[in-house]
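**Q** The following block contains a protein sequence and its predicted model.
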Amino acid sequence: MSNQISPRRSFIKGAAATASGIALALSAKSYARIIGANERIKFAAVGVNGRGKALIKAVAANKNAEVQAICDVDSRVLDKTIAMNNSLSKIKTQAYADYRQLLENKDIDSVLIATPEHWHAPMAIMALQAGKHAYLEKPCSHNPHEGELLLEAQQKYKPIIQVGTQQRSAMSTIKAISDIQEGLIGKVYHGKAWYSNDRAAIGKAEETNIPDWLNWDLWQGPAPRESFKDIYVHYKWHWFWKYGTGEINNNATHEIDICRWAMGLKYPNSVSSNGGRFHFDDDWEFYDTQVVNYAYDEGKMITWEGRSCNGFEHHNRGRGLTLHGTEGTILLDRNGYTAYNMNNQIIKEIKEAKVSATTNTVGEGFLDVLHMDNFIKAMRGEAALKAPIEEGVVSNLLCHLGNYSQKVGRQLTIDPSNGRILNDKEAMQYWTRDYQPGWEIKV
């Protein structure tokens, strides 16, 4: 089978022929090559139905980089996105159905990963093993053990991983962090984050024939096999434990990450979560309403309130965060920040140069371009990563812990030195997951 795929029949037949019995370990033949300052960086994008398109556009905004190849298990999406990329970059884009074949392309320097979440960590680790850098959409892992494996792989194979928490590249957020460190609102003791939306019911899953445009085996990848159900593809997989990680990982990852950064915090002492599925009688397995509290030393805390199906806003924002200090409060989102004194008077206000989306399913905007530019500079050795995997794993773990506290129905005690759950075997059973035989992650 040729690596470059065009007709739909070849897409389905060829990908299926190589879809089973291959472990996820690749031999690391070489570390990522050093990329010169004027050399054009060649990307591949994997998973391009939603966020993948936004990442492709962000690469196209950089004058010295291009997306050379695109990989997706949906031939319809693949065809449309290749046409889009050809128009953006004025090149003939290579097409792949099987990610493993893509990694054999030695011309590719870096991989953009925007697949369903059960694929995130395995794909990133495989990219590093193939000597390629990775831009990894959040959440960086499907479970905490995969976060540990990502850190191990990065140390072993050396290419870099930028996590897709793009607000870390927002100039207004960076300035807010600096102002907090300089004492603008005193000692910060509480970070409150929220997300609210009007998601509709997802319905009931029905087993049906696999569409001719989909390679269902490759879509499942490392997940244990099951028959095809019409509900999963393309977005509703978020709400199933086998493939997704719920709203807290889907969206809270961003704001919890910024709260933690602003307050200089890492792992908490305890995590408690309350909520449930209050809207609709359907097959949604996670929580449409969830309030999580992370308790730290000195009484400091981070809280997240998620309401997936009740779009009532805080501060006229569907998402954002407030940082409360002894001398004032900062209201912060992707598009700017406002600082208030103790009399609720505005003392400082900064807006981003351009607007980014907040609560739609793609979240495309100016911050994608800034974040990608930082990643490209880091690959050239010209800048430090704004969102390195070391930080992404911590924020991702906090979200996982919120889900596990909710799942077992009690507060979890956490080892603040490493984030592990203490003295709770039931909660720790979620620390990892089962893998389809032959698809286990090997670092």
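**A** Sure thing, it's come through.
**Q** So which helix or strand of this protein has the lowest pLDDT on average?
**A** Ranking every helix and strand in the chain by mean pLDDT, DSSP states H and E puts helix 8-17 at the bottom, with a mean of 36.
**Q** Contacts only, for residue 52.
**A** Contact analysis of residue 52 by C-beta atoms under 8 Å, 6 or more residues apart in numbering lists 45, 46, 72, 81, 112, 114, 115. In this view, the C-beta of every residue, glycine as well, is placed from N, C-alpha and C.
**Q** Show me what the longest helix that the chain contains is packed against.
**A** Across the chain, the longest stretch assigned as helix under DSSP state H is helix 389-408. Of the remaining helices and strands, those touching helix 389-408 by 3 or more C-beta pairs under 8 Å, 6 or more residues apart in numbering; DSSP states H and E are helix 144-157, strand 161-163, helix 253-263, strand 270-276, strand 289-295, strand 412-413, helix 425-428.
**Q** Does anything pack onto the first one? Which helices or strands?
**A** So that's helix 144-157. helix 120-129, helix 389-408.
**Q** now for those helices, which one comes closest to residue 152?
**A** With C-beta to C-beta as the criterion, residue 152 lies closest to helix 120-129 of those, at 8.8 Å.
**Q** Give the next helix or strand downstream of the closest one.
**A** Counting by DSSP states H and E, the next helix or strand C-terminal to helix 120-129 is strand 133-136.
**Q** List the buried residues for the longest helix of the chain?
**A** By neighbour count with 16 or more other C-beta atoms under 10 Å, helix 389-408 contains the buried residues 389, 391-408.
**Q** try stretch 200-209
**A** residue 202.
**Q** that older thread, can you convert the helices and strands packed on helix 144-157 into a markdown table and add a column each for mean pLDDT and distance to residue 354?
**A** Listed next are these as a markdown table, based on pLDDT from 0 to 100; distance: least, C-beta to C-beta, whole Å:
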| stretch | mean pLDDT | distance to residue 354 |
| --- | --- | --- |
| helix 120-129 | 98 | 28 |
| helix 389-408 | 98 | 24 |
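**Q** longest strand of this protein?
**A** What stands out as the longest strand in the chain, according to DSSP state E, is strand 188-196.
**Q** Next, work out how far apart residue 243 and residue 403 are.
**A** Going from residue 243 to residue 403 by C-beta to C-beta, to the nearest Å gives 14 Å.
**Q** again, but for residue 304
**A** For residue 304 relative to residue 403 (C-beta to C-beta), the value is 11 Å.
**Q** Identify the contacts common to the two.
**A** By C-beta under 8 Å, 6+ apart, the residues touching both residue 304 and residue 403 are residue 248.
**Q** Need the three-state assignment for the nearest residue to residue 364 once chain neighbours are set aside.
**A** Spatial nearest neighbour of residue 364, excluding adjacent residues (C-beta to C-beta, 6 or more residues apart in numbering): residue 54 at 3.9 Å. Put simply, residue 54 is helix when judged by DSSP: H, G, I helix; E, B strand; the rest coil.
**Q** Please name the nearest non-neighbouring residue to the residue most central in space within the chain.
**A** In the chain, the centroid-proximal residue (C-alpha atoms, centre = their mean) is residue 138; its distance is 0.9 Å. The shortest distance from residue 138 to any non-neighbouring residue, by C-beta to C-beta, 6+ apart, is to residue 253 (4.5 Å).
**Q** Tell me which other helices or strands the helix or strand harbouring residue 376 touches.
**A** Secondary structure assigned from DSSP H and E places residue 376 in helix 366-379. In this structure, helix 366-379 makes packing contacts with helix 51-60, strand 133-136, strand 161-163, judged by 3+ C-beta pairs under 8 Å, 6+ apart.
**Q** Recalculate using a threshold of 7 Å.
**A** Judged by 3 or more C-beta pairs under 7 Å, 6 or more residues apart in numbering; DSSP states H and E, helix 366-379 is in contact with helix 51-60.
**Q** Return the distance of the helix it packs on from the chain's centre.
**A** 14 Å (C-alpha atoms, centre = their mean, to the nearest Å).
**Q** between that helix and helix 366-379, how many degrees?
**A** Interaxial angle, helix 51-60 versus helix 366-379 (axes from the mean of the first three to the mean of the last three C-alpha atoms, to 10 degrees): 60 degrees.
**Q** Tell me the secondary structure at residue 431.
**A** Under three-state DSSP, residue 431 comes out as coil.
**Q** can you count the residues close to it?
**A** Residue 431 has 16 neighbours, counted by other C-beta atoms under 10 Å.
**Q** Now do the contacts for it.
**A** 143, 144, 145 (C-beta atoms under 7 Å, 6 or more residues apart in numbering).
**Q** would CSV of the residues you listed with distance to residue 413 be doable?
**A** Shown next, in CSV, are those (distance: C-beta to C-beta, whole Å):
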residue, distance to residue 413
143, 19
144, 15
145, 19
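**Q** Now which of these would you call buried?
**A** By 16+ other C-beta under 10 Å, these give 143, 144 as buried.
**Q** re earlier: what does the longest helix of the chain rub up against?
**A** 138-141, 143-144, 147, 150-151, 154, 161, 163, 165, 245-246, 248-249, 252-253, 256-257, 260, 266-267, 271-273, 275, 287, 290, 292, 294, 411-412, 414, 419, 426-427, 430.
**Q** Looks to me like residue 267 is in a helix.
**A** No: counting by three-state DSSP, residue 267 is not part of a helix but coil.
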